[in-house]
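# Okay, predicted coordinates and the sequence, questions at the end:
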Amino acid sequence: MKAMIKVTLKNGVLDPQGKAIMGSLGSLGFDGYDNVRQGKYFELDIEAFSKDEAKARATDMCEQLLANTVIENYEIEIV
Amino acid sequence: MKTAIIQFPGLNRESDMIMALENVSGAKTQTVWHTQTSLPDTDLVVIPGGFSYGDYLRCGAIAARSPIMKAIVEHANKGGKVLGVCNGFQILVETGMLRGALMRNANLKFVCKQVTLSVENDSTFFTSKMNTGDQVTCPVAHHDGNYYVDDETLKRLEGDGQIVFRYANGTNPNGSMNDIAGICNAKGNVIGMMPHPENMIEALHGKTDCRPLFESIAA
């Protein structure tokens, strides 16, 4: 099974990189957008008997390493 | 004081730290490789600065999950002293031994310059030879020193005297909340700071402002 994991900054945590990217989009002439936030994406193959088991193991991985839960949230999709 | 210096791949400030600890603190140092699972008999553990694992994932994240860290957590839980400087501070927050997180500098730039630090708590093992309110010049060199913590924890840190150093006189180089440059845990035996006091102790450094910090360790 494949785990697809999105790690994003929590609401309220300032994202200076997102801000810089937003400015750069503006200088390219884009408009009509707001609130650019930068995040991380992980993909990994997990050996598991069920989607639930895979998700539980991916959750452990997020809690212990992939996300810093002081500042980041994570979302897991198993396919 | 018996002191263990932890060496991770990618750290590069260990020699300066050892010089400061041996020459100013009079410490006996021993270098410990990150794959070891136990510490030698030691009073103080120091994690110096650098770029462990190339700052992959998040600064300090990989080092914080190294085999030696379990022994360091146990050492701290038993009341042993721990000091983390720069990447060492980032590693300590990644283990959860210190609260909060160190994020990318607000101006997105790597900062390498001198700042003014104000001592906010003179009762720790690293500040006992100074007085609260004292100001010293100290270099910083980092890309991710922007201290962040949730409001509730921030209030507790402020109320409990866990802020050890603050950037003073408008020299906050990274956007840190409340100008925080260094903090300690609730017991005060674990200290982390972004600036590099080991590089402000000799005439050749330009100033010797940070000698009292290392003299505190000897006390």
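Perfect, thanks for sending it. Numbers count the residues shown, from 1 in each chain, chains lettered A, B, ... in the order given.

# Can you name the residues of chain A sitting close to chain B?
Contact residues (Cβ under 8 Å from any Cβ of the partner chain) of chain A with chain B: A:Val13, A:Leu14, A:Pro16, A:Gln17, A:Ala20, A:Gln64, A:Leu65, A:Leu66, A:Asn68, A:Val70, A:Ile71. Where C-beta positions appear, they are placed from N, C-alpha and C, glycine not excepted.

# What lies in contact with the worst-scoring helix or strand of chain A on mean pLDDT?
Using mean pLDDT, DSSP states H and E, helix A:16-27 stands out as the lowest-scoring helix or strand of chain A, at a mean of 92. If you take Cβ atoms under 8 Å, 6 or more residues apart in numbering or on different chains as the criterion, helix A:16-27 is touched by A:9, A:33-38, B:103-108, B:146, B:175.

# Which residues are in contact with whichever residue of chain B sits closest to chain A?
At 4.4 Å from chain A, B:Ala101 is the closest residue in chain B, using Cβ to the nearest Cβ. Neighbouring residues of B:Ala101 by Cβ under 8 Å, 6+ apart: A:Asn68, A:Val70, A:Ile71, B:Val93, B:Tyr147, B:Tyr148, B:Val149.

# before we move on, the earlier item: need the residues of chain A next to chain B in TSV with secondary structure, can you?
Converted to TSV, the residues of chain A next to chain B look like this (DSSP: H, G, I helix; E, B strand; the rest coil):
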residue	secondary structure
A:Val13	coil
A:Leu14	coil
A:Pro16	helix
A:Gln17	helix
A:Ala20	helix
A:Gln64	helix
A:Leu65	helix
A:Leu66	helix
A:Asn68	coil
A:Val70	coil
A:Ile71	coil
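
# And what about the residue in chain A sticking out farthest from the centre, helix, strand or coil?
Distance from the centre of chain A peaks at A:Gly29, with 26.8 Å (Cα atoms, centre = their mean). Here A:Gly29 is coil, with the state taken from three-state DSSP.

# who's in contact with it?
Going by Cβ under 8 Å, 6+ apart, A:Gly29 touches no other residue.

# Same check on B:Gly161?
Listed by Cβ under 8 Å, 6+ apart, the contact partners of B:Gly161 are B:Glu120, B:Asn121, B:Ser123.

# repeat that with 7 Å
Counting by Cβ atoms under 7 Å, 6 or more residues apart in numbering or on different chains, B:Gly161 makes contact with B:Asn121.

# sec struct for it, please.
Under three-state DSSP, B:Gly161 comes out as coil.

# list the buried ones in the least confident helix or strand of chain A?
By neighbour count on 16 or more other Cβ atoms under 10 Å in any protein chain shown, the buried set for helix A:16-27 is A:Pro16, A:Gln17, A:Lys19, A:Met22.

# Following the chain onward from that helix, which element is next?
Next helix or strand after helix A:16-27 toward the C-terminus (DSSP states H and E): strand A:39-45.
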